[in-house]
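> here is my input; please provide its structure:
(one chain, ligands or ions: 2)
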Amino acid sequence: MLVHHLPNPPPRYRTLADFVEQQGHPPYRFRQIMHAVTRGVLEFASMSELPRQLRDNLTAEFGSHVTTLQPLTSQRSAHVTKTLLASPKGGRVESVRLEYAAGWTSLCLSSQVGCGLGCTFCATGTMGLVRNLGADEIIDQVLLADGRPDSVAFMGMGEPLANPHTLAAIDLLTDASFLGFSPRRVTVSTVGFLPGMQQLVERHPGVVLTLSVHSPFDEQRSELIPLHHRYPLAECLDVLEEHVTVTNRRTYLAYLLIGGLNDSREHADALAARILARERPDLFMVSLIPFNQAPGLPAEFTPPEQHTVREFAQHLHARGVRATRRTQFGTDIDAACGQLAARHDAEI
Ligand SMILES: C[S@@+](CC[C@H](N)C(=O)[O-])C[C@H]1O[C@@H](n2cnc3c(N)ncnc32)[C@H](O)[C@@H]1O
Ligand code: SF4
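Ligands and ions are numbered 1, 2, ... in the order given. Have a look, this model is predicted:
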């Protein structure tokens, strides 16, 4: 079961399993711990099915909780809860819980403390990369959320596919004997980290992939997203094309609209042309994201006009490309896309 059957279990869970065994307990005791975790019981002392001595020993060895991340603060706004979490290994990250009108909940996960890819429009990018989160720390965000979310999206801090532990975290998220998320309820947003995209579609073909595009023009895209020099858009689209063709499922192209910079009719036409050149353009959905300002971002970057977002979508529709506007919540508490930078460090 879990840990032993996973290709790459996180060290925290492996150490827990080994500790239980070294204490002379049968392997089912570790399974009981994991079952307790799936029921939301995270404190060793509250795992009533375990012998008292084992609970005490686990607490002495690992601390009071299975989780390593510690929630520091939560900020609430309409339909959004942003939680700041600290790691004893260093660094702070944020997760964001979104409640949609139909009662659907989604958790936006962070994969790194900061991000080293330096996209010019992103608050997380201004932090640089501090470190990758471990798979257990990624999972902790789900375990510590206020109620189990219906879906999760790697759209918080960091580039998930630049972190090798993201795949192990997805193993745990989708493991039927642990968190049991259907792969369709797991979305990975990437700025185009090509080797990670290839590994992800091989190992978890059912997971939903979103590629951040932001400009159909190579020169402009590489100014916005420096990683484009290494992994150009065309190569990323090739991987997506193979993925949609094999799975016959949709993929998403995120398009950040920055006022007067990349929101023109020419941009919409060139984006549509890129999509229509693909074998299955019907499986590419464009998700439009109006730019959110955040401290530290260039002052000349501004949100687009409302009518521009509408017109951009209309241009795409007119060319036969499907586009929606991404629902944005939480701009008032800096919880929306690109605003996460764990800036509470100084206050706590
Ligand atoms: C913060 S990223 C994390 C996932 C991944 N690193 C990526 O770039 O796709 C999640 C989404 O937020 C978008 N984003 C970044 N900065 C933004 C900003 N200032 N306003 C709106 N969206 C932004 C990204 O382009 C991406 O689509
Ligand atoms: S947009 Fe994504 S890849 Fe770029 S700096 Fe932000 S988190 Fe990193």
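
> and the gap between residue 193 and residue 203?
The spacing between residue 193 and residue 203, counted by C-beta to C-beta, to the nearest Å, is 15 Å. In short, each C-beta sits where N, CA and C put it, glycine included.

> which one's more surrounded, the two?
residue 193 (21 against 12; other C-beta atoms under 10 Å).

> how much space separates the closest residue in space to the more buried one that isn't next to it in sequence from ligand 1?
Setting aside the residues directly before and after it, residue 193 is nearest to residue 161 in space (C-beta to C-beta, 6 or more residues apart in numbering), at 3.9 Å. For residue 161, the distance to ligand 1 equals 8 Å [C-beta to the nearest ligand atom, to the nearest Å].

> dump the residue contacts of the closest residue to residue 162 other than its chain neighbours.
Excluding the flanking residues, the one nearest residue 162 by C-beta to C-beta, 6+ apart is residue 193, at 5.0 Å. If you count contacts by C-beta atoms under 8 Å, 6 or more residues apart in numbering, residue 193 has them with 159, 161-162, 227, 231.

> just the buried members of those residues?
By neighbour count, with 16 or more other C-beta atoms under 10 Å, the contacts of residue 193 hold 159, 161-162, 227, 231 as buried.

> looking at the residues you listed, spot the one nearest residue 207.
residue 161 (11.1 Å; C-beta to C-beta).

> what pLDDT does that closest one get?
Residue 161 carries a pLDDT value of 98.

> phi, psi of residue 324?
phi -130, psi 160 (degrees, to the nearest 10).

> also residue 321?
Dihedral angles for residue 321 - degrees, to the nearest 10 - are phi -110, psi 140.

> roughly how far is stretch 81-91 from the heart of the chain?
The chain centre lies 15 Å from the centre of stretch 81-91; the measure is C-alpha atoms, centre = their mean, to the nearest Å.

> quick one: end-to-end length of that stretch, please.
Start and end residues of stretch 81-91 are separated by 20 Å (C-alpha to C-alpha, to the nearest Å).

> quick one: that stretch near ligand 1?
No: Stretch 81-91 does not reach ligand 1 (C-beta under 6 Å from any ligand atom); its nearest approach is 13.5 Å.

> circling back to that earlier point, could you pick out which of the buried ones among the contacts of residue 193 are near ligand 2?
Near ligand 2, by the rule C-beta under 6 Å from any ligand atom, you find residue 159 out of these.

> returning to that earlier point: from the contacts of residue 193, pick the one nearest ligand 1.
residue 159 (4.0 Å; C-beta to the nearest ligand atom).

> from what I see, the closest one and residue 117 are in contact.
Yes: using C-beta atoms under 8 Å, residue 159 is in contact with residue 117, at 5.3 Å.

> now do the shared contacts for these two.
residue 191.

> can you give me the pLDDT of residue 102?
83.

> ignore what I typed, I meant residue 98.
For residue 98, pLDDT reads 90.

> bridging residues for it?
residue 80, residue 106 (DSSP bridges).

> show me which residues of this protein are close to ligand 2?
Counting by C-beta under 6 Å from any ligand atom, the residues of the chain near ligand 2 are 115, 117, 119, 122, 124-125, 158-159, 191.

> name all residues that make contact with residue 217.
By C-beta under 8 Å, 6+ apart, the neighbours of residue 217 are 267, 270.

> hmm, try it at 7 Å
By C-beta atoms under 7 Å, 6 or more residues apart in numbering, the residues touching residue 217 are residue 270.

> over to residue 168?
Taking C-beta under 7 Å, 6+ apart, one finds 8, 10, 135 in contact with residue 168.

> skipping its backbone neighbours, what lies nearest it in space?
residue 135 (3.8 Å).

> now swap in residue 312 and tell me
Nearest one to residue 312, counting by C-beta to C-beta, 6+ apart, is residue 268 at 5.1 Å.

> swap in residue 325?
The nearest residue in space to residue 325 (C-beta to C-beta, 6+ apart) is residue 288, at 4.8 Å.

> off-centre distance for the helix or strand where that neighbour lies?
Using DSSP states H and E, residue 288 sits in strand 284-290. Relative to its parent chain, strand 284-290 has a centroid offset of 17 Å by C-alpha atoms, centre = their mean.

> other SSEs contacting that strand?
strand 251-257, helix 306-318, strand 322-325 (3 or more C-beta pairs under 7 Å, 6 or more residues apart in numbering; DSSP states H and E).

> just put these in TSV and tack on mean neighbour count.
Formatted as TSV, the helices and strands packed on strand 284-290 follow (neighbours: other C-beta atoms under 10 Å):
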stretch	mean neighbour count
strand 251-257	23
helix 306-318	16
strand 322-325	16
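
> wait, which of those is closest to residue 40?
strand 251-257 (30.7 Å).

> quick one: is the closest one near ligand 1?
Yes: Strand 251-257 comes into contact with ligand 1 (C-beta under 6 Å from any ligand atom), by way of 254, 256.

> what angle sits between that strand and helix 306-318?
150 degrees (axes from the mean of the first three to the mean of the last three C-alpha atoms, to 10 degrees).

> show me what strand 251-257 is packed against.
Using 3+ C-beta pairs under 7 Å, 6+ apart: strand 251-257 touches strand 208-212, helix 233-247, strand 284-290, helix 306-318.
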